[in-house]
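1. Sequence plus the predicted model coming up.
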Amino acid sequence: MTRLFHISDLHFGLEDRAALAWFTDCVRREQPDAVLITGDLTMRARSHEFAAACDWIGALDVPVTVEVGNHDLPYFNPFERFFDPYRRIRGIERLVERELDLAGVAVVPLKTTARAQWRLDWSKGWVTPKALAKTLAAIDALPRGSTVLVTAHHPLVEAGTKGRALTRGGERALKELAGRGVAAVLTGHVHDAFDLVAQTASGPIRMIGAGTLSQRIRSTPPSFNELRIKDGDIAVRVRNVEAVPTLDMQIDDVPPDALPPREPGEPVAPIDAVPPVDPPVH
């Protein structure tokens, strides 16, 4: 059996220190096979936030893979956002978009963040053809019979948003992943856990979302997902600081806005909703 801890949306700068300490203790005592982090390590992508996040992640004494979320791209420095967006995360650079092979279980990253898009709200996801091709190539290179998990920050599809999707290219990506027999797509961004099955033209595929370990809660307390994988079957348990049962922690669908409540003084628009000034950089 393979045992994985799936966490997301740490939001250092507005982190929940008690929740982080609780999770660290769970890792130390239980030693999962790996920790999967699906983005938004920071609140504003500031240097001190990344430094704290990198120190905390680096102290987890198990294999880790990290996705980058929309909050992890520089907001206050447009030049850096376009030309060196991951400079501040270099403390754990080796862990970013890292593929894991865990005795028959493979974890493959899919990038959904973009430095710029042809729409005003850059906080939303975008699966570019290049990003999807890279993920599909990695899946195709795996040994036959592998249980494949794909990690991304943004949920690939959500409720009732045809034509203004949270993640552009997400529906197509989900179809391609289903056609490859991917067991589940693991994501964050929503700040509430879910475990859903999406129907695609290539068949059904499971979508599993993790909650947050920050103060930016939406409708449930800070939590993480524990995944137990045996013979291709995936059991998901949502573990949280208040010991709420798993079913009560999981939302019924991915909401179309997928945003937690705003903090006092926070802009109404998402933090990286900035008018585009240059063509998208892939």
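-> Perfect, I can see it now.
2. What are the buried residues along stretch 140-147?
-> 146-147 (16 or more other CB atoms under 10 Å). Every residue, glycine included, has its C-beta placed from N, CA and C.
3. So L186 belongs to a strand, correct?
-> Yes - counting by DSSP: H, G, I helix; E, B strand; the rest coil, L186 falls inside a strand.
4. Cross-check the contact I'm expecting between it and F224.
-> No - counting by CB atoms under 8 Å, L186 does not reach F224; the two are 11.5 Å apart.
5. overlap in contacts of these two?
-> Residues touching both L186 and F224 by CB atoms under 8 Å, 6 or more residues apart in numbering: 6, 210.
6. Can you tell me the closest non-neighbouring residue to A138?
-> Take A138 and drop its neighbours on the chain: the residue closest to it by CB to CB, 6 or more residues apart in numbering is V108, 4.9 Å away.
7. Determine the three-state secondary structure at A19.
-> State at A19, reduced to three classes by three-state DSSP: helix.
8. what's the model's confidence in stretch 65-82, averaged?
-> Stretch 65-82 carries an average pLDDT of 71.
9. now stretch 47-58
-> 92.
10. Alpha carbons of that stretch, as PDB, please.
-> Only the C-alpha atoms of stretch 47-58 are listed here, as PDB (Å, rounded to 0.1, in the frame of the first residue of the first chain):
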ATOM      1  CA  SER A  47      10.500  37.000  -0.400                       C
ATOM      2  CA  HIS A  48       9.900  36.500   3.300                       C
ATOM      3  CA  GLU A  49       6.800  34.500   2.600                       C
ATOM      4  CA  PHE A  50       8.700  32.200   0.200                       C
ATOM      5  CA  ALA A  51      11.600  31.900   2.700                       C
ATOM      6  CA  ALA A  52       9.200  30.700   5.400                       C
ATOM      7  CA  ALA A  53       7.400  28.300   3.100                       C
ATOM      8  CA  CYS A  54      10.700  26.900   1.800                       C
ATOM      9  CA  ASP A  55      12.000  26.400   5.300                       C
ATOM     10  CA  TRP A  56       8.900  24.600   6.400                       C
ATOM     11  CA  ILE A  57       8.700  22.400   3.300                       C
ATOM     12  CA  GLY A  58      12.400  21.600   3.500                       C
END
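11. Give me the pLDDT value at the residue nearest to A138.
-> V108 carries a pLDDT score of 97 in this model.
12. now do the one 5 residues further on
-> We have a pLDDT of 86 for T113.
13. That one: how many residues sit nearby?
-> 26 (other CB atoms under 10 Å).
14. what about it, which SS state?
-> Assigned with three-state DSSP, T113 falls in the coil class.
15. Correct me if wrong: it contacts H153.
-> Yes - with contact defined as CB under 8 Å, T113 counts as touching H153 (6.0 Å).
16. anything in contact with each of those two?
-> Between them, T113 and H153 share these contacting residues under CB under 8 Å, 6+ apart: 39, 68-70, 125.
17. Appreciated, that's everything.
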